[in-house]
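Asks: my questions are about this predicted structure, shown below with the sequence.
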Amino acid sequence: MSILIDETTRLLVQGITGKEGSRAAKEMLEYGTKVVCGVTPGKGGQQIEGVPVYNDVRDALDHHPEVNATTIVVPPKFAKDAMLEAIDNKIPLIVVLTENIPIHDVMECYAKAREKNLALIGPSSIGMISPGKCKIGFIAGGKYHKSYKPGPVGIISKSGGMSSETAWVVKQAGFGQSTVIGMGGDVIAGTTFADLLPLFEQDKKTKIIVLFGEIGGEYEQEAAAWIKLARQHGEFTKPVAAFISGKFADSLPHVSIGHAGAIIEGDHARREAKVKALRDAGVMVADVHHELGEMVKKILGKEASEN
């Protein structure tokens, strides 16, 4: 099994005629994702990689009512309208690949998606993949076989590049993945660690969840608080392993880390605070990234690695 996406996913690509949108569509189609239509205002009637293009989301859905997910690959100034169009049409899963979206635009769309109980992944997401079933976005590129195979490990990563690196570490330890999600590293994430953990708990295939966190923000602490409370109520039973990057940041306080979410405001946003919160919640936290593979192997054992 998997979470959010699988072989039944039918995808719309907003921004499909652009350079990045067409590249994403090509990669996803090559993986086997069912990309059924695309949208670019003013470009209706075209085809990209054999996928029909429509002028707006409503028109696309009228022709393809089976659509149950969309990915947004448009310039930042058009991202708000694209997100609102997807939200207004109640598409259950919205994966936003676009970076550098104004924070107030993200906040407005975040609130509206929550009101309608829609899953908004991103912005600045690399995408997500359920190996052997479906991938959305640029995750894994065209070399997915190096890092990904079906298996029992769920992965959530703030970092796009490190989502595949973490999957590779897990694969080197002998295990595959159920679903890997790049949640995006912006200040506001449409879907957080704490939102995704309950979904992995419900997935019978997933036996352990791995988190890749970063300095800045409080999403790791929120996850720790949720885990602790959910375990107390018997609502969360699966083991969690984590790695928090940014150990060097304390020695280089004025160096830009890269992600908008990696803004440190107070001690709570530093790596040490995140590590402590997670360990207090019973999460295994690796000191170095490659230890995650050994942690997964220790928890799942030889039998699981052969599944």
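Replies: Now that the structure is in, tell me what you want to look at. Residues are numbered from 1 along each chain as shown.

Asks: tell me where the stretch 101-250 of the chain has strands.
Replies: For the stretch 101-250 of the chain, the strands defined by DSSP state E, counting those that start in this stretch occupy 119-121, 127-130, 134-137, 150-157, 177-182, 208-213, 240-244.

Asks: out of the ones you listed, nearest to residue 164?
Replies: strand 177-182 (7.9 Å; Cβ to Cβ). For glycine as for every other residue, the C-beta is placed from the backbone atoms N, C-alpha and C.

Asks: re the thing from before, need the strands of the stretch 101-250 of the chain in a markdown table with mean pLDDT and mean neighbour count, can you?
Replies: Shown next, in a markdown table, are the strands of the stretch 101-250 of the chain (pLDDT from 0 to 100; neighbours: other Cβ atoms under 10 Å):
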| stretch | mean pLDDT | mean neighbour count |
| --- | --- | --- |
| strand 119-121 | 99 | 24 |
| strand 127-130 | 99 | 28 |
| strand 134-137 | 98 | 26 |
| strand 150-157 | 98 | 26 |
| strand 177-182 | 99 | 28 |
| strand 208-213 | 98 | 26 |
| strand 240-244 | 98 | 25 |
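
Asks: of those strands, which is nearest residue 47?
Replies: Per Cβ to Cβ, nearest to residue 47 of the strands of the stretch 101-250 of the chain: strand 134-137, 20.2 Å.

Asks: got the CA positions of the closest one in CSV?
Replies: The C-alpha coordinates for strand 134-137 follow below in CSV (Å, rounded to 0.1, in the frame of the first residue of the first chain):
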residue,chain,number,x,y,z
CYS,A,134,3.1,6.6,-9.2
LYS,A,135,5.3,9.7,-9.0
ILE,A,136,4.3,13.4,-9.0
GLY,A,137,6.9,16.1,-9.6
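
Asks: which elements pack onto it?
Replies: Counting contacts by 3 or more Cβ pairs under 8 Å, 6 or more residues apart in numbering; DSSP states H and E, strand 134-137 packs against helix 19-31, strand 69-72, strand 127-130.

Asks: can I get the ones you listed in CSV including distance to residue 172?
Replies: Listed next are the helices and strands packed on strand 134-137 as CSV, based on distance: least, Cβ to Cβ, whole Å:
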stretch, distance to residue 172
helix 19-31, 21
strand 69-72, 29
strand 127-130, 17
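
Asks: check what pLDDT the residue of the chain most remote from its centre gets.
Replies: Most distant from the centre of the chain: residue 45, at 31.3 Å, with distances by Cα atoms, centre = their mean. Note on residue 45: pLDDT of 98.

Asks: list the residues that contact it.
Replies: Neighbouring residues of residue 45 by Cβ atoms under 8 Å, 6 or more residues apart in numbering: residue 53.

Asks: check the gap between it and residue 104 for me.
Replies: 34 Å (Cβ to Cβ, to the nearest Å).
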